[in-house]
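*Asks:* Build me a model from this:
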Amino acid sequence: MGRTCFITNVLPGKMAEYRSYHDNIWPEVVAGLRASGVTQLSIFNPPGSSTIVMYITTAGDIDLGKATGPGSRYRLDPRCKEWEELMDASFHGGWTKMDEIHSSDVEWNRSLALPMLAPQQPAAAAPAAASPPQSPSGNGTGPAPPSPGRINISHASEGVMKNQLARYEGEGNARPKSPGSGRRGIQPPGGVSQVRFG
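*Replies:* Next up is the predicted model:
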């Protein structure tokens with residue numbers, strides 16, 4: 001997911017009309033933005049000011065300038081082009097992109113030294129013949145160690161089901177009750193009384 005934040009000021013005396021346009025946004029604009037990869041768009045206005053802040057999330061790291069700016073496929077739709085030109089000319093004159101200086105999903109994770117997944121790499125062509133898994137000692141027996149930066153659940157748990165609340169697996173789980181008994185569900189570890197549904 002990509003995210004971008006912009007700021008601008010609405011021209012004096014135009015805020016009510018600007019809000020009205022956005023309360024009644026044209027369907028072609030919505031469809032065009034969705035097709036351009038925009039998944040969320042929110043506009044904020046600090047009370048008593050003409051400043052507006054637009055926060056956009058996208059399906060992936062999309063270049064919004066290329067996806068929605070002049071010359072983009074989005075602006076080939078006459079209504080989308082009209083909307084953007086109307087907003088720029090009549091209400092604010094364009095947006096200024098803001099720099100992100102802090103984000104909980106970046107700095108917090110780094111601060112806590114949380115194990116992060118490596119960025120996804122494009123799939124490479126499969127090799128002609130797969131080599132057998134290698135053991136950590138390299139003697140060809142046993143599974144290969146997990147790759148750095150990734151959590152291999154089977155390796156971490158040595159292939160044993162560790163979820164004690166799994167419906168039909170692991171010790172301590174109740175098997176399905178007989179039909180008509182009025183008792184369904186699982187028995188949580190520790191002998192807590194039966195959970196009833198319905």
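*Asks:* Can you give me the neighbour number for L33?
*Replies:* 21 (other CB atoms under 10 Å). The way it works is simple: take the backbone N, C-alpha and C, and place the C-beta from them, glycine included.
*Asks:* low pLDDT regions in the chain?
*Replies:* Within the chain, the stretches with pLDDT under 70 are 119-198.
*Asks:* So which residues of it form helices?
*Replies:* For the chain, helices defined by DSSP state H occupy the ranges 15-23, 27-35, 64-68, 78-87, 109-111, 153-156.
*Asks:* If it's not too much trouble, I'd like these exported to CSV so that distance to L41 sit alongside each entry.
*Replies:* Converted to CSV, the helices of the chain look like this (distance: least, CB to CB, whole Å):
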stretch, distance to L41
helix 15-23, 10
helix 27-35, 7
helix 64-68, 10
helix 78-87, 13
helix 109-111, 26
helix 153-156, 37
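*Asks:* Out of the ones you listed, which gets nearest to G2?
*Replies:* helix 64-68 (8.3 Å; CB to CB).
*Asks:* Looking at the helices of the chain, which is nearest to D99?
*Replies:* Nearest to D99, of all the helices of the chain, is helix 64-68, at 14.8 Å by CB to CB.
*Asks:* I'd like to know which elements the closest one is packed against.
*Replies:* Applying 3 or more CB pairs under 8 Å, 6 or more residues apart in numbering; DSSP states H and E, one finds that helix 64-68 makes contact with strand 38-44, strand 51-58.
*Asks:* Buried residues of that helix, list them for me.
*Replies:* Neighbour-count burial for helix 64-68 flags L64, A67, T68 (criterion: 16 or more other CB atoms under 10 Å).
*Asks:* Quickly note the distance from the second one to E17.
*Replies:* Right, A67. A67 is 27 Å from E17, where distance means CB to CB, to the nearest Å.
*Asks:* Could you do the first one as well?
*Replies:* When distances are taken as CB to CB, L64 and E17 turn out to be 25 Å apart.
*Asks:* same question, the last one
*Replies:* Here T68 is placed at a distance of 22 Å from E17 (CB to CB).
*Asks:* Quick one: residues contacting the closest residue to M15 other than its chain neighbours.
*Replies:* Leaving out its chain neighbours, the residue that sits closest to M15 by CB to CB, 6 or more residues apart in numbering is S50, at 6.3 Å. By CB atoms under 8 Å, 6 or more residues apart in numbering, S50 lies in contact with N9, V10, L11, P12, M15.
*Asks:* among those, who's most crowded?
*Replies:* Neighbour-wise, the contacts of S50 (other CB under 10 Å) top out at V10, 21 neighbours.
*Asks:* residues contacting that residue?
*Replies:* Y18, S50, T51, I52, F91, H92.
*Asks:* for the buried residues of helix 64-68, which one is nearest A113?
*Replies:* L64 (32.4 Å).
*Asks:* Now stretch 100-114: buried residues?
*Replies:* Within stretch 100-114, no residue counts as buried by 16+ other CB under 10 Å.
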